[in-house]
Structure formats: structure tokens, C-alpha cells
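> Sequence and predicted structure below; questions after.
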Amino acid sequence: MATNEQERASSREFWMQAAITYGYIFLWIFLSAMVIMVNKYVLTYAGFPFPISLTLTHMAFCSTLAFVLIKAGVVETAHMDRSTYVRNVVPIAALFSGTLWLGNAAYLYLSVAFIQMLKATMPVTVFLVGVLLGTEKYSALYAANMVVVAVGVAAASYGELNFNVLGVLFQAGSIVTESFRLCLVQLLLQARGIKLNPVTTLYYIAPACFAFLCLPFSVVELPKMLKTQEAWQVPSGWLLLSAVSAFALNMSVFLLIGRSSALTMNIAGVIKDWLLILLSVTLYGSPVTSLQLCGYGVAFLGVCWYNYQKLQGARQQPAPARPLDVEKQALLSPTQRGGRE
């Protein structure tokens, strides 16, 4: 009798934990898609074509909320002296601000669907930057995977009906800066044992990002905003929704990393990417050709095989405990991580 009760209790606990885990996955997919779709709407359809200003509102909101949470004692902070902050955090913040600015700017010229296809090149750039900075070892097999991904993305680009060179350059710049950021996180933070949760990450990085973005804002966007005051408006409600969603996305990434394996996160990322393509076609009428889908399918298979090889390698060579699981974080696309639009 006692054994049956224990089995039932164990079964209830299993299903409860499974429900919580899949709830976190659904929440992360939902928030990630929401941030991207709202940003696209604000920049393209709401009469506010200013990606730097949009990113500044995110950084200001996240900085303020993180400051309040830490000063109120809700979240513990990692103490960091000025020298460590300048040498280790500021370079990462500079790259992060570039990632967000350039990534948001791409929405002015490209569809969400095509941008998601271009993001399939992230493993290629992370691998190349990792080899350059010494965080990755060169492998002919990995390099062959990268060629497959690059060919697939090239085919998807060739099939894009509304191809825009400037938009592709913005998105490529975002991918490159994000690749360098990921490698520097590993070199500058994990190697020194600095542990930052999502709130403390925003507490330290978001203000620096805001400061970095003020320079291009004052040179690029502010003169344009002043010159065309009657041609644009501030969609305050949409901007607030975008900022709240971006902050919530940071929290959901932390929850997901804590409860899921890298493989689960990768599968969830695939579902999110295909969902965004579908939403882009459905909500914004983005044209997607058969050649694009075939090319993206080839790139997708290359990325899956690359991730599988990375996971197999990680299992064969157990690493010591680290403050943050880089492998899990690297499997998420740039718009799925911290702000991470």
C-alpha cells in the first residue's frame, strides 16, 4: 500500500516538474517571439523608425528595474571593483550595444522571416571568432558544417524577393558583434569566476550599453528626429511593451537554463525560429519563396549537426563546474539572450 502511494506521489512530482519545465519553454518562446515582432512593428509600422532610440529605451528600463531590484534586496548582486568592471564588463557592453543597435536597425529593411534565416549563420561566426580568439579549436569537420550552413543561407538570400544590401549589412554586423561578445564572455567573465545572474547582468551591463548608444544616437538619430518632428510619433504603449518584454525575456532565459538541457533548448530555439517565420508571413505578409525555404532547410540541418557534434564532444570531455553554462547559452540565438532582441 505504501509502495503504491509512493509511486503515485513520484508520478505526480514527475508530471508537475515536467509541466513547469515545458511551461518555461513555452514562456521563453512566447517572449522571444513577442520582443522581435513588437520591435518590428514599432520600427516599421508605428511611425518610429529609430532603432537606436528603441534600444536606448530598453537599456534605460532594464537598468532602472535591475537597480531597484538589487537595492531593494530582492536580488543579490556580485560585487565588482572598478578595475574589473572596466577591463571585463565594459568591452562586453560595447559589443552588446552594437549587437542590439544593428540587429534592430535590420528590421527597417528586412522581413522578420529573412532575418531569422540570416541568423542561422551565427554558429559560423562564433566558430570563426572562437578559433581567432582561442576559445574554439579548429576542426575540419566543424569547418565543413560551416560551409553547409553558409551555402544554405546564401541560397535563402538569393531567393529573397525584397533583398536589401544595407539591411543585410546591419544584420551581419549584429551577428559579428554578438559572436565576439559570446567569446569575450567566456574569456573575461567565466575564466575569472565572475558569476552574474540576469538581473546583475543588466545592472552592470545595461547602463554601459546606454552610455555607448548615446554617441551614435546624438550623431545619427537625434538630428533626424529634430529635423522631421512632424513626420514621426512616439508609440509610448508599444515602447513600454517592448521594454517589459525584453526584461521578462532575460528572466525566462535564466529559468530555462536552470531547468533544461542544451539539447532541449536547441530544439526550443528551432521551434521559435520556424514560428517567427510563420508569424512574419501571417502578420506582416512577408513573401517567402521555395528557394528560401530550401536554403534555410539546408542551413538548419547544418546547424543541427554542428550542435549535435558539440554536445557529443561536451559529453565525452566532462568539464569542471563553471559559473555559467556557456554551451547552453551559445545554443541560443542572439535575440534569445539577454535583451537580446
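Sure, I can see it.

> What number of residues are in the vicinity of R82?
Applying other C-beta atoms under 10 Å, we find 7 residues neighbouring R82. Quick note: C-beta positions are derived from backbone N, CA and C, even for glycine.

> Same question for V75.
Count around V75 with other C-beta under 10 Å applied: 15.

> next one: L255
Neighbourhood size, L255 [other C-beta under 10 Å]: 17.

> Wait, it touches Y24, no?
Yes - if you go by C-beta atoms under 8 Å, L255 and Y24 touch, sitting 4.8 Å apart.

> Now do the shared contacts for the two.
Overlap between the contact sets of L255 and Y24, as judged by C-beta atoms under 8 Å, 6 or more residues apart in numbering, is nil.

> List the residues that contact A243.
A243 sits next to 57-58, 60-62 when contact means C-beta under 8 Å, 6+ apart.

> List just the nearest of those residues to G173.
H58 (18.3 Å; C-beta to C-beta).

> what helix or strand does that closest one sit in?
Counting by DSSP states H and E, the element that carries H58 is helix 51-71.

> okay, the contacts of A243 in CSV with distance to N162 next?
Formatted as CSV, the contacts of A243 follow (distance: C-beta to C-beta, whole Å):
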residue, distance to N162
T57, 27
H58, 26
A60, 32
F61, 32
C62, 32
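
> which among the residues you listed gets closest to I29?
Of all the contacts of A243, I29 sits closest to H58, with 19.8 Å by C-beta to C-beta.

> Would you agree the closest one is in contact with V244?
No - H58 sits out of contact with V244 when judged by C-beta under 8 Å, with a separation of 9.7 Å.

> Of these two, which one has the most company?
A direct count of neighbours by other C-beta under 10 Å for H58 and V244 places H58 higher, at 29 against 18.

> Tell me how far that one lies from S32.
Between H58 and S32 the computed distance is 14 Å (C-beta to C-beta, to the nearest Å).

> Equivalent analysis for T282, please.
T282 is 17 Å from S32, by C-beta to C-beta.

> which of those two has more neighbours?
Taking neighbours as other C-beta under 10 Å, T282 and S32 compare with S32 leading, 28 against 9.

> surely the more buried one meets A246?
No - using C-beta under 8 Å, S32 makes no contact with A246, being 9.9 Å away.

> what kind of secondary structure is Y138 in?
Secondary structure state of Y138, per DSSP: H, G, I helix; E, B strand; the rest coil, is coil.

> just V75 next, same as before
Applying three-state DSSP: V75 is coil.

> Let me know the helix or strand that the closest residue to it other than its chain neighbours is in.
Leaving aside its chain neighbours, V75 sits nearest to V199 (4.4 Å; criterion: C-beta to C-beta, 6 or more residues apart in numbering). In this assignment (DSSP H and E), V199 forms part of helix 198-216.

> contacting residues around that helix?
Applying C-beta under 8 Å, 6+ apart, the contact partners of helix 198-216 are 52, 55-56, 59-60, 62-63, 65-67, 69-70, 75-78, 80, 85, 89-90, 92-94, 96-98, 100-101, 196, 247, 250-251, 253-254, 338-339.

> which stretches of this structure have low pLDDT?
1-7, 9, 14, 190-192, 254, 257-266, 313-341 (pLDDT under 70).

> where along it do the helices fall?
Assigned by DSSP state H, the chain shows helices spanning 2-44, 51-71, 82-84, 90-106, 112-118, 122-133, 140-158, 165-184, 198-216, 222-227, 236-259, 262-284, 290-316, 326-330.

> measure the residue nearest to I70 when sequence neighbours are not counted to N197 for me?
Closest residue to I70 apart from its sequence neighbours, by C-beta to C-beta, 6+ apart: T77 at 4.8 Å. Computed as C-beta to C-beta, the T77 to N197 distance reads 9 Å.

> What of V270?
As defined by C-beta to C-beta, V270 lies at a distance of 26 Å from N197.

> now do S97
From S97 to N197 the distance is 21 Å (C-beta to C-beta).

> neighbour-wise, which of the two wins?
Applying other C-beta under 10 Å to S97 and N197 shows that S97 carries more neighbours, namely 28 against 18.
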